[in-house]
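Participant: coords below, sequence missing:
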């Protein structure tokens with residue numbers, strides 16, 4: 001057998017366990033069990049030929065490709081040749097008995113305080129709900145890709161499963177690259193198959209906006225919630241920032257209504273981009289000017305907690321009530337960002353301007369996730385015209401296209417062509 005990645009993948013399990021030695025790398029052995037599991041082992045002696053062989057397992061074939069197994073085996077070979085037992089060295093370099101639970105504690109103390117508040121909440125929930133109850137007792141150095149895949153597949157909510165996997169992967173990356181807790185130097189989450197997440201394609205139609213605006217006025221008149229809550233929804237629709245950025249607008253610093261912008265220091269991409277500029281167009285500035293202040297609370301949208309803004313959860317609950325009463329389904333406040341990008345494109349402002357409006361440093365983010373080309377319908381109509389004429393001799397649904405003038409023009413052209 002040629003000892004290549006392709007040939008090893010073809011090996012079928014036998015009734016008894018079999019070992020395959022790599023002829024080019026001394027000590028590297030592939031072990032195949034009757035149930036089909038394939039693992040890498042390093043076989044060596046500490047002393048002369050009379051000393052017993054020692055077997056050190058250092059990875060699974062599915063997670064560790066052959067070229068990396070070669071590299072790791074050569075490292076172990078060099079250690080053994082200099083009199084250092086690879087197995088003992090691993091124990092010295094790693095904390096014996098280190099579990100996923102202890103890794104999580106280390107991660108909470110050393111890493112999470114440096115992350116944003118929303119990211120801390122997301123990672124903390126993933127740890128408490130999904131990771132620690134199922135994987136907390138597993139040793140970090142022995143966690144396999146197959147175990148992580150089984151755990152991921154068992155989570156009932158596909159998106160939550162992906163978020164929990166991302167959290168675990170971030171922890172494992174540090175465990176491998178920084179803290180040296182895994183001797184194989186491999187993140188077991190790398191090759192785990194994620195659940196598909198179709199991109200959200202939701203445009204905000206003007207009739208929906210009118211329905212939402214009407215309900216906002218009615219609920220405001222009823223006094224069912226604070227005026228600040230309804231104002232926050234309107235400003236979010238007009239400023240196109242993320243909800244946390246809008247709710248974080250302060251009276252005492254960072255907001256310049258006369259100049260039409262606010263400086264956001266705490267935001268999603270602060271590490272790479274620094275401070276972010278949030279545009280505040282005149283309609284939004286007018287709303288902010290009219291808002292009364294709640295005592296000494298510095299926020300434009302004060303919440304129930306002293307010196308804190310309205311919570312996102314509280315705003316989302318009111319928004320859900322607005323959508324139900326307006327008869328609008330599957331509409332998020334975040335969709336107003338897509339509306340702004342689409343409107344900018346429809347008005348010919350270009351992707352660079354759209355990216356600036358949304359606060360993106362990279363226009364590719366705007367084009368990939370937010371832009372909805374409103375010219376698509378018009379372009380589709382133009383492409384369909386010659387095909388429809390060839391099939392039917394006329395444009396199907398011609399009277400519904402743009403206007404009576406357009407229909408007259410097409411008819412005139414057809415008459416002239418016939419003559």
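Facilitator: Structure received. Source: prediction; values computed, not measured. Numbers count the residues shown, from 1 in each chain.
Participant: could you use CA atoms for every contact and neighbour count after this?
Facilitator: Fine.
Participant: now do the strands in the stretch 51-200 of the chain.
Facilitator: For the stretch 51-200 of the chain, applying DSSP state E, counting those that start in this stretch gives strands covering 53-60.
Participant: remind me which residues of it are low pLDDT?
Facilitator: Applying pLDDT under 70 to the stretch 51-200 of the chain flags residues 90-97, 199-200.
Participant: let's see it at 90
Facilitator: Applying pLDDT under 90 to the stretch 51-200 of the chain flags residues 51, 57-73, 75-99, 109-122, 137, 139, 141-142, 176-186, 197-200.
Participant: what ranges do the helices span in it?
Facilitator: With helices called from DSSP state H, counting those that start in this stretch, the stretch 51-200 of the chain shows them at 66-81, 86-93, 100-110, 117-126, 132-135, 145-154, 158-177.
Participant: nearest to residue 55, out of these?
Facilitator: With CA to CA as the measure, helix 86-93 is the member of these nearest residue 55 (8.9 Å).
Participant: any idea how far residue 217 is from residue 339?
Facilitator: Counting by CA to CA, to the nearest Å, the gap from residue 217 to residue 339 is 21 Å.
Participant: retrieve the pLDDT associated with residue 246.
Facilitator: Here, the pLDDT recorded for residue 246 equals 88.
Participant: from residue 321, how far out is it?
Facilitator: According to CA to CA, residue 246 and residue 321 sit 20 Å apart.
Participant: these two - which one has more neighbours?
Facilitator: residue 246 (23 against 13; other CA atoms under 10 Å).
Participant: ok, and the closest non-adjacent residue to the residue most central in space within the chain?
Facilitator: A centroid search over the chain (CA atoms, centre = their mean) returns residue 163, at 7.5 Å, as the residue closest to the centre. Excluding its sequence neighbours, the residue lying closest to residue 163 (CA to CA, 6 or more residues apart in numbering) is residue 126, at 7.2 Å.
Participant: which ones are touching the one you found?
Facilitator: Contacts for residue 126 (CA atoms under 8 Å, 6 or more residues apart in numbering) come out as 160, 163, 164, 167.
Participant: out of those residues, the closest to residue 86 would be?
Facilitator: residue 167 (30.7 Å).
Participant: tell me if I'm right that that closest one and residue 123 touch.
Facilitator: Yes: contact criterion CA atoms under 8 Å: residue 167 and residue 123 qualify, at 5.9 Å.
Participant: could you measure from the closest residue to residue 22 other than its chain neighbours over to residue 129?
Facilitator: When the adjacent residues along the chain are set aside, residue 22 lies closest to residue 28, with 5.6 Å between them (CA to CA, 6+ apart). Distance from residue 28 to residue 129, counting by CA to CA: 40 Å.
Participant: comparing those two, which residue is more hemmed in?
Facilitator: Neighbour comparison, residue 28 and residue 129: the larger count goes to residue 28, with 24 against 11 (by other CA under 10 Å).
Participant: so what does the more buried one have for phi and psi?
Facilitator: Dihedral angles of residue 28 (phi, psi; degrees, to the nearest 10) stand at phi -80, psi 120.
Participant: for it, give its distance to residue 56.
Facilitator: 10 Å.
Participant: who touches both of the two?
Facilitator: The contact sets of residue 28 and residue 56 overlap at 41, 42, 43 (CA under 8 Å, 6+ apart).
Participant: can you put these in TSV and add secondary structure, pLDDT and neighbour count?
Facilitator: Shown next, in TSV, are those (DSSP: H, G, I helix; E, B strand; the rest coil; pLDDT from 0 to 100; neighbours: other CA atoms under 10 Å):
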residue	secondary structure	pLDDT	neighbour count
41	strand	93	23
42	strand	94	25
43	strand	93	18
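Participant: could you single out the nearest of these to residue 204?
Facilitator: Checking the shared contacts of residue 28 and residue 56 against residue 204 with CA to CA, the nearest one is residue 41 at 57.5 Å.
Participant: OK, contacts around the closest residue to the closest one other than its chain neighbours?
Facilitator: Closest residue to residue 41 apart from its sequence neighbours, by CA to CA, 6+ apart: residue 57 at 4.3 Å. Applying CA under 8 Å, 6+ apart, we find residue 57 in contact with 39, 40, 41, 42.
Participant: save the residues you listed as CSV, and put in distance to residue 4 too.
Facilitator: Listed next are the contacts of residue 57 as CSV, based on distance: CA to CA, whole Å:
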residue, distance to residue 4
39, 15
40, 14
41, 16
42, 17
